[in-house]
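Engineer: Structure for this input, please:
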Amino acid sequence: MIKKIGISIVSIIVLLLLIMVVRTLTFKGQNVSDLPALPSPVAINVESALHRLKQAVQLKTITINRGDPINAERAQPWLNFHSLLEREYPKAHSTLRREKVAKYSLLYTWQGSDTTLDPLMLMAHQDVVPVNLATLDDWNHPPFSGNIENGYIYGRGTQDDKASIIAILEAIEALIARNYQPNRTIHLLFGHDEEVAGTGAEAIVALLASRNVQPAMVVDEGYFVINDMAGFDGPVGLIGVAEKGYVTLDIVSESIGGHSSLPPKNSANIQLAKALLAIEKEQMQSHLNSEQVQNFFKAVSPEMSFLNRFFLSNTWLTSGLLNASFSNTPSLNAMIRTTTAPTMLTGSVKENVMPQRAKATVNFRIHPQDNSKLVFEHIERVVSQFEGVSVHYRDKGIFREPSPISPSNNKAFRILSALAEKTGEGARPVPALVLAGTDATFAHAISENVYRFTPVTYSMTDIAGIHGTNERLSVENFLSMIEGFSQLIQMADEM
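Structural biologist: Residues are numbered from 1 along each chain as shown. Sure, this is the predicted structure:
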């Protein structure tokens, strides 16, 4: 009897292992050998294109607060940038219609020959983030110089995101020069304040909605090819199909104050600290098994070890181990859940005074499987455990729900997959979640097919320059952008 039970247990274990191995072997995404062929890219004068990018970088279109620029003096760099584009791209400006929206954002329309086709919309933004003055000595070249050294052009906007504007217009200028006429109308949306939540892009999308414009595909910044992504054996072409939402709350702790020589138990600071520790410990739930996360891992599975595929293809059994592991890696943790980040603390006004009120500012990046209501319910439940601690909601500031998830099984995604594969010289195209915010989030109001991809190849070291010190773009990547955008425009008729 015992022997039969033992044999049965062993048989069940063998069967389970067999099922898990089969699931591992069949855990995969689209076949990259079956992607559409790309047309020939345009030919350009590299030196002239670099000179135009250098001029763009030198214009300090810095946004600091939502709604900037707010006066004539602050607006001048944007106006100078508009003049630069008009002067340097005469064919584009005589062929495309340009409209200024929300004073400084630009909408270009290249009318297609077939007005029955829904348009393609390419997006980029004019503004850049400020430079921390304390880091100026750490820059190899001044951050608004546009200097070129050892195959790189340095400065704010080279990666985020003026280079995209220049590359798109370089591609269009060259296409017009060879008498190219698109069948599908092309819209260009160049927002002026993406870095502070995009009032310009939002206004342009509202304008297009009022005209009943419904793009067949929208492409903005957000992701690219990464050639040394941890855990993967080859380059990965990340194509953003969605982005996280954004909300900031204040956690306020109130107690009796007084002199530090007579500190009360559970002072405002202590209660606030306890609440923050609880918020850190009680994270929002994981979405490891969601379709969006699983599609990502299926797509990258050929670049992973058998053991990693084994665990990821059998989350019905391994999710506990994976969630524990992912939680310790910031990039993976952010991929599978809404993240919680205490960012600012305020308390006493003096070293020997107990505060009557202490405050922590907490920023949440909301996963597409969640929403702000779930965030509010979660934080209220956690904070309610502590006496004198409450949640304060903000009337102003940046607030966004997570975006919808665009499909990764349509022609639009396959075209971008072909572009990613070509850009990374064999990169594996992957539908991915953008962890930060972009102007593309507004475009979901007028299109179901909104993607975030720039045709460049970065290392993890390169990525550190985005919003950081020594932001720079290789000349090779700049040319890749121009070629990629020219191919994307020509492929628009294939959707």
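
Engineer: So which residues of the stretch 101-250 of the chain form strands?
Structural biologist: 105-110, 120-125, 148-149, 152-154, 186-191, 217-220, 225-226, 236-243, 245-254 (DSSP state E, counting those that start in this stretch).

Engineer: how about those, which one is nearest Asn80?
Structural biologist: strand 105-110 (13.4 Å; Cβ to Cβ). All C-beta spots, glycine's among them, are computed from the backbone N, C-alpha and C.

Engineer: Can you tell me how far the nearest residue to Arg66 once chain neighbours are set aside is from Gly397?
Structural biologist: Excluding the flanking residues, the one nearest Arg66 by Cβ to Cβ, 6 or more residues apart in numbering is Val196, at 4.4 Å. Counting by Cβ to Cβ, to the nearest Å, the gap from Val196 to Gly397 is 10 Å.

Engineer: about what we covered before: need the strands of the stretch 101-250 of the chain in JSON lines (columns: distance to Pro404, mean pLDDT and mean neighbour count).
Structural biologist: Shown next, in JSON lines, are those (distance: least, Cβ to Cβ, whole Å; pLDDT from 0 to 100; neighbours: other Cβ atoms under 10 Å):
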{"stretch": "strand 105-110", "distance to Pro404": "23", "mean pLDDT": "98", "mean neighbour count": "22"}
{"stretch": "strand 120-125", "distance to Pro404": "16", "mean pLDDT": "98", "mean neighbour count": "28"}
{"stretch": "strand 148-149", "distance to Pro404": "40", "mean pLDDT": "96", "mean neighbour count": "14"}
{"stretch": "strand 152-154", "distance to Pro404": "36", "mean pLDDT": "97", "mean neighbour count": "22"}
{"stretch": "strand 186-191", "distance to Pro404": "18", "mean pLDDT": "98", "mean neighbour count": "25"}
{"stretch": "strand 217-220", "distance to Pro404": "12", "mean pLDDT": "98", "mean neighbour count": "29"}
{"stretch": "strand 225-226", "distance to Pro404": "24", "mean pLDDT": "96", "mean neighbour count": "26"}
{"stretch": "strand 236-243", "distance to Pro404": "7", "mean pLDDT": "96", "mean neighbour count": "27"}
{"stretch": "strand 245-254", "distance to Pro404": "11", "mean pLDDT": "96", "mean neighbour count": "20"}
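
Engineer: re earlier: ok, the residue nearest to Arg66 - contacts?
Structural biologist: Going by Cβ atoms under 8 Å, 6 or more residues apart in numbering, Val196 touches 63-68, 127, 398.

Engineer: now, which of those sits nearest Ala49?
Structural biologist: After measuring these against Ala49 - Cβ to Cβ - the closest member comes out as Asp127, at 21.5 Å.

Engineer: Identify the residue nearest the closest one in space, chain neighbours excluded?
Structural biologist: Thr63 (4.2 Å).

Engineer: Which residue comes closest to Glu88 once chain neighbours are left out?
Structural biologist: Arg52 (5.0 Å).

Engineer: The one you found touches Ala167, doesn't it?
Structural biologist: No: look at Arg52 against Ala167 with Cβ atoms under 8 Å: they stay out of range, at 10.0 Å.

Engineer: Compare neighbour counts for the two and give me the winner.
Structural biologist: In this view Arg52 and Ala167 are compared by other Cβ atoms under 10 Å, and Ala167 has more residues nearby, 29 against 20.

Engineer: Let me see the contact set for the more buried one.
Structural biologist: So Ala167 contacts 478, 481-482, 484-485 (Cβ under 8 Å, 6+ apart).

Engineer: mind checking pLDDT for it?
Structural biologist: At Ala167, the model reports a pLDDT of 98.

Engineer: go on, Met304?
Structural biologist: Note on Met304: pLDDT of 76.

Engineer: correct me, but it touches Met229?
Structural biologist: No: with contact defined as Cβ under 8 Å, Met304 and Met229 do not form a contacting pair (10.7 Å).

Engineer: Of the contacts of Val196, which is the most crowded?
Structural biologist: Busiest of these [other Cβ under 10 Å] is Asp127, holding 29 neighbours.

Engineer: quick one, helices of the stretch 1-150 of the chain?
Structural biologist: Ranges of helices in the stretch 1-150 of the chain, per DSSP state H, counting those that start in this stretch, are 2-25, 46-57, 72-88, 90-95.

Engineer: list the helices and strands the second one packs on?
Structural biologist: With contacts defined as 3 or more Cβ pairs under 8 Å, 6 or more residues apart in numbering; DSSP states H and E, the secondary structure elements packing on helix 46-57 are helix 72-88, strand 152-154, helix 162-177, helix 475-491.

Engineer: Now Asp493: phi and psi?
Structural biologist: phi -70, psi -10 (degrees, to the nearest 10).

Engineer: need the contact list for it.
Structural biologist: Asp493 touches 117, 182-184, counting by Cβ under 8 Å, 6+ apart.

Engineer: CSV for the residues you listed, including distance to Ser408, neighbour count and pLDDT?
Structural biologist: Listed next are the contacts of Asp493 as CSV, based on distance: Cβ to Cβ, whole Å; neighbours: other Cβ atoms under 10 Å; pLDDT from 0 to 100:
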residue, distance to Ser408, neighbour count, pLDDT
Leu117, 22, 16, 96
Pro182, 25, 20, 96
Asn183, 25, 12, 96
Arg184, 21, 23, 97
